[in-house]
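[1] I would like to see how this sequence folds:
(chains A and B)
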Amino acid sequence: MAESNDRRTPFTVPDDMIKEALKSGLSEIKASDKLIDITLEKCQTEIEKRQKKESRKFVIMAYKVGAPLAAGALALVLIINSGGLFAKKKMESGMSIALQAPVPSTAAAQAEVSGSNINPDDQVANYDTAAPQEATESPKLLGKGHPKSEEQSDGLTMMRLGEKIDALNSLSNRSANNSEPALDKLDKLFMAITNLYNLKNGTKLSLDKEGITRIYTLPESGVNAETLQKADDYHEILSGEGYWALPLKNQDGIIDIVLTVAAIDANDADDPVSDRDTVYSIEEKEFIVSSLENGSLISSELYELFDKSAISGLIREAGYEYYNEAEMIIVDINYGNDFIVLTKAGNEELVVPLLTDESLFGIVNRKVYTWPEFVRIISSGLGH
Amino acid sequence: MIPPDKNKEIDINKEISRLVEEYGNDVLRIAMVILKSKELAEDAFQETFLRVVRSYSSYRRESSEKTWIISIAVNVCRDYMRSAWKKRVVVTDDFITYSSDNDTEEIIEKRREKQALINSIMKLPDKYREVIVLFYYHEMGVSDIAKILKIPGGTVKSRLFKARTLLHDMIGGEAHG
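    Numbering: from 1, shown residues only, chains lettered A, B, ... in the order given. Modelled structure (predicted):
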């Protein structure tokens, strides 16, 4: 029940009169059966879609957790079958086989892609992927885009299971911000990438041009509590690099997947590429393209990421009418799962978290923090 | 209605049906007041419950179900208000007072007064309309309204006061009983 706010001054309308007018005026408005049916049908579709995605996530997690377990189990079997300590040589061999097992069939995947001779758009000069790698070199295969080693890869999964985070990290697929052409000049490139993605995956997704966003990244080594506390302002934690986030929409106009795009520096051209990334050669330049693991979740729950006016709304609602919109940047702080918006209002630096899991950081999603507040809260949650 | 037990397996489909049934009219009504268009309000109704589905697993029950759902509805409406799409929609007044042949002069006069007040409420700037409907129609407390609108409690109070002053000016003191 609302408390009384009726000050009974001669210049206002009494509470009970407003209440009565609204009650009688609005009581006639009712949701029709048709509207309810349509809504429930849409909700049902959304629930099914999310359940499918949840089960896919579970398979990925089982795969990541399962691989080391399988290796351990196989080693135990070999020890038991071959008489324990005398079987050292055999065990090493068994471990080698087990460690190869979790690596997806990279060569097969590469063949699937490079086998198709696609040229959907005149702008696309070539469509290629990195050379296949030996399965035993799996840690190197994870060199780009996603966490660099098996340890980090499992760490990403474990973070979602409630483990403590030691440092803030961004995806490693990135390119220098100052070498990027202006967004309007990238239009054709992004259209070509969308076409290629559709051809490769048999989809009919369309690029949401308005939603294309430059995501800034942290240094490759990550940002721990100490670095954060030593930084005089937020520019000091940025790497000067970033990637493009391309939201692709389905026929219902809902974002289905978010692709990340980064130009490959000539110096890094020979670096190995993760099996989850694809390299597109377009007009003699190479771009590494991947998708955000949490893309569908991000698009449904963090729609502000692709809508600058929505972010502006959050900042203005917090009382900062005159903040510097031109300086607004979005930073990846958790391998493409969680983000922060950085901007300035006068001399004050502001941070707005856009998180898929706010329990990880101890900060409130969409709340506007000053930079010192943000540093204090985040630092206390990060391992030293 | 018994709130769902967090520890038990929840049938999300049944839960959504229950929420639509229980809070659907509230969502539609607040959307009508904020957006001033039946067409937009019905779109906002659908979008609100889609967002309920998407955020159901993260709802921590720190606020009441009603506050949570109305909060989502307000955010949806605000998004619609910001979008260029809204500007292309013709806004109409869909608040009709229903009369009967048996109504006395006094009843008819009262109804006219209420209609005038409703029309004035609909003409208030967005930020005042939001607090008015949450406070007087949904009978929410200042702290809940502050959470929903993401503004300080003091701002809620000052907006309520300002809204009532504006209403008084708009109806020329006639409704002042």
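[2] need the pLDDT of B:A84.
    As summarised for this prediction, B:A84 has a pLDDT of 44.
[3] helix or strand for the closest residue to chain A within chain B, which one?
    At 3.7 Å from chain A, B:R164 is the closest residue in chain B, using Cβ to the nearest Cβ. Backbone N, C-alpha and C define where each C-beta goes, glycine included. Assessed by DSSP states H and E, B:R164 sits inside helix B:153-170.
[4] give me the buried positions along that helix.
    B:155-157, B:159-168, B:170 (16 or more other Cβ atoms under 10 Å in any protein chain shown).
[5] ok and the residue in the stretch 51-200 of chain A nearest chain B?
    The minimum distance from the stretch 51-200 of chain A to chain B, using Cβ to the nearest Cβ, falls at A:Q51 (8.5 Å).
[6] and chain A, what are its domains?
    Chain A resolves into domains spanning A:31-100, A:107-381 when parsed by automatic domain parsing.
[7] pass me the low-pLDDT residue ranges in the chain, would you?
    With no chain named, the answer covers chain A. Where chain A drops to pLDDT under 70, the residues are A:1-12, A:52-164, A:180-184, A:265-276, A:283, A:293-301, A:383-384.
[8] was after chain B, sorry
    Per-residue confidence for chain B (pLDDT under 70) gives these ranges: B:1-10, B:58, B:60-62, B:82-103, B:173-177.
[9] tell me the domain ranges of it?
    With domains defined by automatic domain parsing, chain B comprises B:11-92, B:103-177.
[10] residues near the residue lying closest to A:I315 once chain neighbours are set aside, how many?
    Once flanking residues are discounted, A:I315 sits nearest to A:Y323: 5.4 Å by Cβ to Cβ, 6 or more residues apart in numbering or on different chains. Number of residues near A:Y323 (other Cβ atoms under 10 Å in any protein chain shown) recorded here: 19.
[11] who are the contact partners of A:Y323?
    Counting by Cβ atoms under 8 Å, 6 or more residues apart in numbering or on different chains, A:Y323 touches A:315-316, A:343-345, A:350.
[12] same check on A:S312?
    A:325, A:328.
[13] give me the buried positions along the helix or strand hosting B:V74.
    If you go by DSSP H and E, B:V74 is part of helix B:65-82. By neighbour count with 16+ other Cβ under 10 Å, helix B:65-82 contains the buried residues B:65-81.
[14] repeat for stretch B:23-30
    By neighbour count, with 16+ other Cβ under 10 Å as the criterion, the buried positions of stretch B:23-30 are B:23-30.
[15] and stretch A:24-36, by the same measure?
    For stretch A:24-36, the buried set under the neighbour-count rule, 16+ other Cβ under 10 Å, comprises A:24-26, A:29, A:31, A:35-36.
[16] now those residues as JSON lines including secondary structure and distance to chain B?
    Listed next are the buried residues of stretch A:24-36 as JSON lines, based on DSSP: H, G, I helix; E, B strand; the rest coil; distance: Cβ to the nearest Cβ, whole Å:
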{"residue": "A:S24", "secondary structure": "helix", "distance to chain B": "6"}
{"residue": "A:G25", "secondary structure": "helix", "distance to chain B": "4"}
{"residue": "A:L26", "secondary structure": "helix", "distance to chain B": "5"}
{"residue": "A:I29", "secondary structure": "coil", "distance to chain B": "5"}
{"residue": "A:A31", "secondary structure": "coil", "distance to chain B": "4"}
{"residue": "A:L35", "secondary structure": "helix", "distance to chain B": "6"}
{"residue": "A:I36", "secondary structure": "helix", "distance to chain B": "6"}
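[17] so which of those comes closest to B:D43?
    Within those, the smallest distance to B:D43 is 9.9 Å, found for A:L35 (Cβ to Cβ).
[18] let me have the buried residues of stretch A:24-36 in CSV, adding distance to A:H235 as columns.
    Converted to CSV, the buried residues of stretch A:24-36 look like this (distance: Cβ to Cβ, whole Å):
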residue, distance to A:H235
A:S24, 57
A:G25, 53
A:L26, 50
A:I29, 51
A:A31, 50
A:L35, 49
A:I36, 51
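[19] which residues in the stretch 201-350 of chain A form helices?
    Read by DSSP state H, counting those that start in this stretch, the stretch 201-350 of chain A holds these helices, from start to end of the chain: A:225-230, A:295-301, A:308-317.
[20] quick revisit: out of the contacts of A:Y323, which two sit at the greatest distance?
    A:R316 and A:K344 (14.2 Å).
[21] higher neighbour count, these two?
    Neighbours of A:R316 and A:K344, each counted by other Cβ under 10 Å, are more numerous for A:K344; the result is 18 against 13.
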